[in-house]
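Undergrad: this one's sequence-less:
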């Protein structure tokens, strides 16, 4: 394949970060929330321990389920990994970059969502069906916000590939600051919605009726459940990189770029934890309004670039 | 060309031996049709791989003009899915609509005829031949829709179809009358911008748009697709409505200088059809009606591509034109593959359970795993999810609309972009609903419990179509040269598609995705040793009626599109502390049919009734009319 795998060390580092780092992020979020509430909280590495424990456990399957039930966790994680190859981490280019990879990136998350929804419906549980219906409806609003942001960046950078789109916006100078802030605002709503965080969804609630994402995976156990948890943390990193790439300034030194990116991921996790500590989850009827606000922010960014 | 003509004859005659055979008529028809399809596909492949277009002159008809058939790249591009899908459908028909069913012989005869009419239409290069094939296609399709004519719903669907399609044909007659010559050829420069050209384009848009099912002329499509036997629905939805697209593509190919508003209008109609098509699909409770509305959505996507391509030509950006036309034409193939597959799989489920109502099905995947897998692949592809074929054509269209932002100061293509993103997300919701409610969970009725897997003759065609979806999705580079040749016939010459879109990287990543999924499956090593009932938050006695239904799954998006869908709800009124048992019903009817088309036609019929005054039913009176007309004409000529 021509055109990729250009920087072997960076690619190796990229793959390592995408493979090993993700479970740290939920730990950081939980720690932040605990600190804000004045609690000790679970260790930062808790998700690694959980994954190791789940990998040894036997899985329990509902009699109702078919092979589709396994397609959910497997497909979602495979799609997440492929998507992680397309996004630059910090200021270092992505391992695979080509014109139009931005669409593949978004549609891979669509694939993950499709299979997760089907796995939820496979159990025949009313709760999981409810979560699936909410996921399908809300993501229809998150998708245009994401794409309008891409359109704004494509207009500004004259490119359709994630690496140049996210990394070369600095060249456009101050003209881009306003639109950039709006795109970031739009994508922040997408980030919270896609990762099932407060104020869209509450991953820690005890009431299944009020959940979206967590309720869809109620019946998973053992290794499939480990894939679900790991996949969710991978999504935090990959979509987080989307936001961080816009925020981080290029330093010119590769090691400093990497350090900045890792610190940025940590800061993003802490920010999510702070949002979760400061806010309550919206009522379900309010969630679409929140997401439409995201669409409007991205749309205004695009309009600003036209003038 | 002789290859093509032989294929045409074989396909057209495929149903005839079955008329005289006591049994095995379906097998004979399937063999003949498949043989014809193979020959025809070979002829199409030769042209698509670079052979010179061939043509055949028909003997002059009594009406004067000699007919002309030309097998050029555009014809070959549309011929290929017609033949492939009709062969798949014919094999499927052996098990689906065997000799025991009423009208099986007639069905096979008309099925072969329909396939042949479409194959003829693809190559027709003269107005009369085109209109004859067009009319033959409409009438035969109507006969096929009316197969189960004991059902009043079916009769109504057939009638609506017949009336609508003839209104469209009428527009085509008028449009072709405006052409400078009966033989199809490039239009003179300046024609498109003239008033005559405007009338021609609008009439073509009406005539071809009705056939393609463009909103708001789509209303005949859902009832007709739902009423027809499933392999006929597959053929109608997969390729027959594409003949409307073929017509538009021909118009585009003839026009050297399309005005800007042509492309903008096509793209706008595409956005409307795409979004509303999928929104209506979300509201449906009937599996085949749901699929039919998705055809409208996909026609919308194709129109967006054609519109973008036309805009590229008008604005002088060949890159846009190549990407737009390429996306539209590739989507024609892709939609034929996955929609054909979906209708065949849905037919197999409906055949087994005896109902099309989503909320009476459920849990079919355990009893019919092959059908379920086939439907899932079709759903996967139609949602445009990687790595299947639906993604590739939508990706080309995204690339085109992004390039429009970049190349020109035409910011409206952002509407295409956002519409595509919204359509993608809604289609995903709709097919999660369709597959989830029909095939997953627990059976919702006794009929859904007693189902059996479809026989091999029905499974093989589905497998072939799955293979087509996977091949086109994982190796789109294979068809790129053929696509380039067809796009080239539309009057654009730019860089080949493969240089504008990196198909090789796409296939590489698609294969990587499959490989990763297999590795993860290997790591899971699923052993179903411990099986319990669904957890359901501790409730140990779940019943099938507690599951989410199709209506509840789609409630939120349907409510969001309330302004267009106008859903009808019958809410029970609950009174007192212990209310009596009550019923709740909701459905989404087609507002265009029920509120505009049907009342409009009724009103027209009442108005035309005034003309009955001159239609007395007496032969002498009619002869008098003839005499008067002749005298009038004589006077006109003399004076």
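TA: That came in fine, so what should we check first? Keep in mind that what you see is a predicted model, and the values were worked out from it rather than measured.

Undergrad: residue of the stretch 51-200 of chain A closest to chain B, please.
TA: residue A:129 (2.7 Å; CB to the nearest CB). For glycine as for every other residue, the C-beta is placed from the backbone atoms N, C-alpha and C.

Undergrad: quick check: buried residues in the host helix or strand of residue B:78?
TA: With elements taken from DSSP states H and E, the one containing residue B:78 is helix B:73-96. For helix B:73-96, a neighbour-count test (16 or more other CB atoms under 10 Å in any protein chain shown) marks B:73-96 as buried.

Undergrad: dihedrals phi and psi, the closest residue to chain A within the stretch 451-600 of chain B?
TA: With distances taken as CB to the nearest CB, the stretch 451-600 of chain B approaches chain A most closely at residue B:548, which sits 2.7 Å away. According to degrees, to the nearest 10, the main-chain angles of residue B:548 amount to phi -60, psi 140.

Undergrad: what are the buried residues along the one helix or strand the residue of the stretch 51-200 of chain A closest to chain B maps to?
TA: Assigned by DSSP H and E, residue A:129 belongs to helix A:126-157. Buried residues in helix A:126-157, defined by neighbour count with 16+ other CB under 10 Å: A:126-157.

Undergrad: for the helix or strand following it, give me every contacting residue.
TA: Sequence-wise, the next helix or strand downstream of helix A:126-157 (DSSP H and E) is helix A:162-167. For helix A:162-167, contacts defined as CB atoms under 8 Å, 6 or more residues apart in numbering or on different chains pick out A:86-88, A:91, A:93-94, A:97, A:101-102, A:105, A:150, A:153-154, A:157, A:159, A:242, A:245-246, A:250.

Undergrad: of these, which are in range of chain B?
TA: Contacts with chain B within those, as defined by CB under 8 Å from any CB of the partner chain: A:101, A:150, A:154, A:159.

Undergrad: wait, the second one touches residue A:101, no?
TA: In this case it means residue A:150. No: assessed by CB atoms under 8 Å, residue A:150 is found out of contact with residue A:101, at 10.9 Å.

Undergrad: ok, back up a step: looks like the residue of the stretch 451-600 of chain B closest to chain A contacts residue A:136 (just checking).
TA: No: counting by CB under 8 Å, residue B:548 does not reach residue A:136; the two are 11.1 Å apart.

Undergrad: from residue A:71, how far out is the closest residue to residue B:112 other than its chain neighbours?
TA: The spatially closest residue to residue B:112, leaving aside those adjacent along the chain, is residue B:14, at 3.8 Å (CB to CB, 6 or more residues apart in numbering or on different chains). With distances taken as CB to CB, to the nearest Å, residue B:14 is found 39 Å from residue A:71.

Undergrad: with neighbour numbers in mind, choose between these two.
TA: Counting neighbours by other CB atoms under 10 Å in any protein chain shown for residue B:14 and for residue A:71 shows that residue B:14 has the greater number, 29 against 19.

Undergrad: can you list the low-confidence ranges for the chain?
TA: In the absence of a named chain, this looks at chain A. A:1-7, A:169-175, A:206 (pLDDT under 70).

Undergrad: that's the other chain; I wanted chain B
TA: B:60-66, B:407-410, B:494.

Undergrad: please, where are all the strands along chain B?
TA: Along chain B, the stretches classed as strands by DSSP state E are B:54-60, B:66-71, B:530-532, B:568-570, B:585-587.

Undergrad: quick one: strands adjacent to the last one?
TA: So the one you mean is strand B:585-587. Based on DSSP bridges, the strands next to strand B:585-587 in the sheet, each with its direction, are strand B:568-570 (antiparallel).

Undergrad: do the third one as well
TA: Sheet pairing of strand B:530-532 (DSSP bridges) gives strand A:60-62 (parallel).

Undergrad: equivalent analysis for the first one, please.
TA: Using DSSP bridges, the neighbouring strands of strand B:54-60 in the sheet come out as strand B:66-71 (antiparallel).

Undergrad: tell me, how many residues neighbour the spatially closest residue to residue B:574 that is not a sequence neighbour?
TA: By the measure of CB to CB, 6+ apart, the closest residue to residue B:574 outside its immediate chain neighbours is residue B:582, 6.4 Å from it. By the criterion of other CB under 10 Å, residue B:582 has 11 neighbours.

Undergrad: now for residue B:582: which residues touch it?
TA: Contacts here follow CB under 8 Å, 6+ apart; on that basis residue B:582 touches B:572-574.

Undergrad: and for residue A:35?
TA: By CB under 8 Å, 6+ apart, the residues touching residue A:35 are residue A:41.

Undergrad: tell me the SS of it?
TA: Secondary structure of residue A:35, reduced to three states by DSSP: H, G, I helix; E, B strand; the rest coil: helix.

Undergrad: so who does residue 272 touch?
TA: Chain wasn't specified; assuming chain A. Counting by CB under 8 Å, 6+ apart, residue A:272 touches A:29, A:32, A:192, A:195, A:197.

Undergrad: if you could check chain B rather than the one you did, that'd help
TA: For residue B:272, the contact set (CB under 8 Å, 6+ apart) comprises B:215, B:300.

Undergrad: before we move on, what about residue B:243?
TA: Counting by CB under 8 Å, 6+ apart, residue B:243 has contacts B:78, B:118, B:121-122, B:134, B:137, B:211-212.

Undergrad: stretch B:7-21 spans what distance, first to last residue?
TA: 22 Å (CA to CA, to the nearest Å).

Undergrad: who touches it?
TA: B:25-26, B:28-30, B:32-33, B:35-37, B:39-40, B:43, B:83, B:86, B:90, B:104-105, B:108-113, B:115-116, B:119-120.

Undergrad: if any of these are buried, put those into a PyMOL selection.
TA: Applying 16+ other CB under 10 Å to the contacts of stretch B:7-21, the buried members can be selected in PyMOL as follows:
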select buried, chain B and resi 25+26+28+29+30+32+33+35+36+37+39+40+43+83+86+90+104+105+108+109+110+111+112+113+115+116+119+120
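
Undergrad: from one end of stretch B:551-560 to the other, what's the distance?
TA: 14 Å.

Undergrad: that stretch vs chain A: in contact?
TA: Yes: if you take CB under 8 Å from any CB as the test, stretch B:551-560 does meet chain A, through B:552-557, B:560.

Undergrad: list the buried ones in that stretch?
TA: In stretch B:551-560, counting by 16+ other CB under 10 Å, buried: B:551-558, B:560.
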